[in-house]
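S.K.: What follows is a predicted structure for the sequence shown.
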Amino acid sequence: MKVSKNELMAALKKAFEGLGFQPGDYYDAADMVVWLETHGFDGFDRLQAVLTYLNTTGPVHADLVQEDEHHSMLDGKGTSILLCGSEAVDLISSQVMKGSWAALELTNCYNRTFILQRIVKAARRNLAFIAYWRQSDYCVKVSIAPGAELPEYQTFTMTGEFDSQSLRIFSGTDMAVIERQFAKELEFGVFLETYSTEEMQACYSDSLERGIEIDEALWHTLDELVARILVESTDSSRDGAGGS
Amino acid sequence: MHKDPHSPANSSDESKIKLLPLRPASQVMQLERLGSFHQSRLSFMRTLVRRMVAENWQINSPIFDLDDQGYGTVVYEVEAKYGTFSYVLFSHYLDSENRNDRVIANQWDLTMALCEGAVDAEQLEFLRANVPKQEAGRVDSRVLVLSRANRSARTFEYVVDKLAQGHQPDVDVIAEVGYLYRTTAAYGSGKLGMADWEKVRTKHRDFARPFAAEMFTCYMLRHFSMQQADYLAAQRGPETAVTLHQDIKRYLGIGNSTGLGMAPFLINHPLLINQWIEMRETALATAVVASEVGVDKATMARLDMATERVIQHLGEIITADERQKNSNVVVREELQALHLWLQEQAAELAITHYVWADLIQYAEQHWHIETQEVINTMLIELYPDLVDGLEEQMGSEESQQVTPEMSVSDLLAIIEDKYDWALAIDFSKHESMGAFWYRSQEKMEPRLGQTNIDMGMEKEMPLAVGRRVRECYDLLQHYNKTCPEQNVAHFIMQCPNYSGIVARIQTMAQSRYGDIRENLVHSDVLPIYLLRCKLSFFGVSKFDPRSRLWVRNTMFQGAPLISDFGSANADDWQFPVKPVIRPL
């Protein structure tokens, strides 16, 4: 079935609310899923992969374990980027605002592709970002220039030691600052493939024009989660709605 | 050349807007004042009608397939300036016992869809299978708006019978109701698989203003209602029937009942509401500045005529609501005083600098809040050339964003400055948290419950902005004492559940008007003010509150007909009054 972007946003916000997310979190999480799905990054598949976890544990946020002027480390405690991605990007953004550049490592976290939407949104504040993580046997690198609408997405072969559930984010007032400060950390293996901004834009335009295809079973699952925040209707509750 | 600091804002020039004498948020954002607003030139029905008339939209009906009872299918094809659209309508038999205006209803007299482009046979069948089901059906992204309507039991048959007998209906009977059909919902913005607002805004320039497509759907319903009445009269009295008099047609609107469903919108779209209010206030300030060196006689006379019309309009409203009834009486009396003032002191007023500022100030000091807002909307009406350009600025990017580098002490200062109204509420009092908002299992209808009495408190909707700000402020104060050097990003790491309200506070602090200044979970909260505020921006008239939770009103009453499109002077329909019908 097809749904619209607005409809999907509304359903996801309520579904995440049904999972116990608070307002800031459910707005951000819905934004992340919708952005990925409408730009060709399989937002629904990634959402489905994490729903069981979210349903079991309830919302878990990351902890700040170490910080200096330009570096910070967060422990994701096994949670999803849907819940800790905003905190991480906000923290590194605040450090860049103060000191031009910063690096952040988020350990023990899942669904790292969702970070794409957070850095796209943060880049509107004229910040540049590079993030990378290990995805099975290759490395995913995403980057966005200050004020850019869409990120670059590339994959490379693995080089060196790389924790399998970590995410590294680098940010600066411009891309050159990041590349200069973190030249050593930003060495990658052999380039494998890219997903172009043109493809992202085409996917988004198609989503707007024709709607977004969603599996009926997933839509039904979202409905069930939404049902958790609904209150049983009674004669007296009908009086609390107004109407003739 | 020295720039005049009071120059009117008839363009998108932000710097000009900033220099206008805008009313402060502390005054404008009080819920009672928002609930006293009336239709203005910037209201969505007004701007839509102006556009259709000026651009002479062509509307015809390639399919008008009704039986002798008026049931069947009608397709209107709409040639607007930039595109073609189809308005598809299904007219159904509905037992009067099943006629229910509530959102929880599942049958209606009419169901409609506004679609992009022309509709072919295949799409028409798809629509026929889904549109009558409304929320229980699914449509696709070719559909912009889905809507439904019910007949007025009081007027529809009466009008058809009169016409069939060769007579015009009594205007007094028409005036009691004001419409032949009531719309009970108009869904857009991507609901039920429809086109996203972003698609409408970027692809369809004809409807690229907030709620333009929804308002058009209601306008077309009005057109159909009169066409159907004429059609049925001709069926019943082929030898005797007459068509409805043009002036009566113009006086007919579309009925509307609005309940709590509309209320959360105002809280969940604060940047959009801020934008609407800022444009309305800019229009008012522009009118004030236009009176810098006095007002010419013609303008004074137009205000006087408008005053007389409002007095008549309010006198023709029938409402059982005591508060509204009393308010209408008081407003009429005070407008009578304004009328005398304009007549007796016209010569002096004409040369008084900033005469409208004096009038506004006098009204604020001496007259009812509804009188004040009626006067404000009349003043805006006087300067179409100066204010109409603001209609293009009623949209807003709605993203709320945390400013993580802000210091906690700066955030505390913002709350003390912009949310002083929230900090002034004593939430330890039972009545301050005596109500809660929730969504019902029935079509997710928003409802208002009483704390500790009604079920569902644990599933409360997050509409208590003031309370949430208070909680956040208390936590921030504590955090600032223990970690005085930290910023908002650190606070959110510590208190992640407050990221939403922090984003809202920081975002709204950058807007001119900010949040609505009311505790929406107080026992005595009057949600009807929220509804009236939004309805005033839609452009409805004749508010008839049925309780503190819902209000009846009329859409497009007095508006030009499709046959008026292309003609000049078709925009003068604010505060409609009963027509005087002379024999044809």
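M.R.: Done, it's in.
S.K.: and the top helix by length along chain B, which residues are buried?
M.R.: For chain B, the longest helix by residue count, based on DSSP state H, is helix B:212-236. Neighbour-count burial for helix B:212-236 flags B:212-235 (criterion: 16 or more other Cβ atoms under 10 Å in any protein chain shown). Backbone N, C-alpha and C define where each C-beta goes, glycine included.
S.K.: helices or strands next to the helix or strand following that helix in the packing?
M.R.: Proceeding C-terminally, helix B:212-236 gives way to helix B:246-251 as the next helix or strand, assigned by DSSP states H and E. Secondary-structure packing of helix B:246-251 (3 or more Cβ pairs under 8 Å, 6 or more residues apart in numbering or on different chains; DSSP states H and E): helix B:171-177.
S.K.: which residue packs closest to residue B:29, ignoring adjacent ones?
M.R.: When the adjacent residues along the chain are set aside, residue B:29 lies closest to residue B:517, with 4.5 Å between them (Cβ to Cβ, 6 or more residues apart in numbering or on different chains).
S.K.: per-residue confidence at the residue lying closest to residue B:173 once chain neighbours are set aside?
M.R.: Spatial nearest neighbour of residue B:173, excluding adjacent residues (Cβ to Cβ, 6+ apart): residue B:158 at 6.3 Å. For residue B:158, the pLDDT comes out at 97.
S.K.: was I right about residue B:158 contacting residue B:169?
M.R.: Yes. Between residue B:158 and residue B:169 there is a contact under Cβ atoms under 8 Å: 6.3 Å.
S.K.: Looking at those two, which has the bigger crowd around it?
M.R.: Set residue B:158 next to residue B:169 and count neighbours by other Cβ atoms under 10 Å in any protein chain shown: residue B:169 wins out with 20 against 17.
S.K.: separation between that one and residue B:229?
M.R.: 9 Å (Cβ to Cβ, to the nearest Å).
S.K.: can you check residue B:559 too?
M.R.: 17 Å.
S.K.: do residue B:354 as well
M.R.: 49 Å.
S.K.: what do you get for residue B:411?
M.R.: 59 Å.
S.K.: circling back to that earlier point, touching both of residue B:169 and residue B:229, which residues are there?
M.R.: B:159, B:163, B:244 (Cβ atoms under 8 Å, 6 or more residues apart in numbering or on different chains).
S.K.: Most neighbours of all these, which one?
M.R.: Counting by other Cβ under 10 Å, top hit in the shared contacts of residue B:169 and residue B:229: residue B:159 with 27 neighbours.
S.K.: Now that one. Nearest residue, chain neighbours left out?
M.R.: Closest to residue B:159 by Cβ to Cβ, 6+ apart is residue B:169, at 4.7 Å.
S.K.: Can you classify that neighbour as helix, strand or coil?
M.R.: coil (DSSP: H, G, I helix; E, B strand; the rest coil).
S.K.: mind listing what residue B:534 touches?
M.R.: So residue B:534 contacts B:258, B:262, B:265-266 (Cβ under 8 Å, 6+ apart).
S.K.: Switch the residues you listed over to CSV; also include neighbour count.
M.R.: Listed next are the contacts of residue B:534 as CSV, based on neighbours: other Cβ atoms under 10 Å in any protein chain shown:
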residue, neighbour count
B:258, 28
B:262, 20
B:265, 14
B:266, 24
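S.K.: ok, of those residues, which one's closest to residue B:23?
M.R.: The nearest member of these to residue B:23, counting by Cβ to Cβ, is residue B:266 at 18.7 Å.
S.K.: one step back: among the contacts of residue B:534, which ones are in strands?
M.R.: Within the contacts of residue B:534, residues falling in strands by DSSP state E are residue B:258.
S.K.: mean confidence score for the strand or helix carrying residue B:363?
M.R.: Assigned by DSSP H and E, residue B:363 belongs to helix B:355-366. Across helix B:355-366, the average pLDDT comes to 94.
S.K.: Just the CA atoms of that helix, as PDB, please.
M.R.: Extracted in PDB, the C-alpha atoms of helix B:355-366 (Å, rounded to 0.1, in the frame of the first residue of the first chain):
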ATOM      1  CA  VAL B 355      -6.200  58.300  14.200                       C
ATOM      2  CA  TRP B 356      -6.500  54.500  14.000                       C
ATOM      3  CA  ALA B 357      -4.000  54.100  16.800                       C
ATOM      4  CA  ASP B 358      -6.200  56.400  18.900                       C
ATOM      5  CA  LEU B 359      -9.200  54.300  18.000                       C
ATOM      6  CA  ILE B 360      -7.500  51.100  18.900                       C
ATOM      7  CA  GLN B 361      -6.300  52.500  22.200                       C
ATOM      8  CA  TYR B 362      -9.800  53.800  23.000                       C
ATOM      9  CA  ALA B 363     -11.400  50.500  22.200                       C
ATOM     10  CA  GLU B 364      -8.800  48.600  24.400                       C
ATOM     11  CA  GLN B 365      -9.500  50.900  27.300                       C
ATOM     12  CA  HIS B 366     -13.300  51.100  27.100                       C
END
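S.K.: Give me the number of neighbouring residues for the closest residue to residue B:325 other than its chain neighbours.
M.R.: Once flanking residues are discounted, residue B:325 sits nearest to residue B:319: 5.5 Å by Cβ to Cβ, 6+ apart. Neighbours of residue B:319 under the rule other Cβ under 10 Å: 17.
S.K.: what bits of chain A have low per-residue confidence?
M.R.: A:240-244 (pLDDT under 70).
S.K.: right, I mislabeled it, should have said chain B
M.R.: B:1-19, B:583-584.
S.K.: what about the strands in the chain?
M.R.: Picking chain A for this. Ranges of strands within chain A are A:2-3, A:63-67, A:71-80, A:101-110, A:128-135, A:138-144, A:152-157, A:167-172, A:191-195, A:212-213, A:230-231, based on DSSP E.
S.K.: hmm, I had chain B in mind actually
M.R.: Using DSSP E, the strands of chain B run over B:58-66, B:72-79, B:84-91, B:110-116, B:143-151, B:179-187, B:253-258, B:435-440, B:446-450, B:541-545, B:551-555.
S.K.: quick one: which of the contacts of residue B:534 sit in helices?
M.R.: B:265-266.
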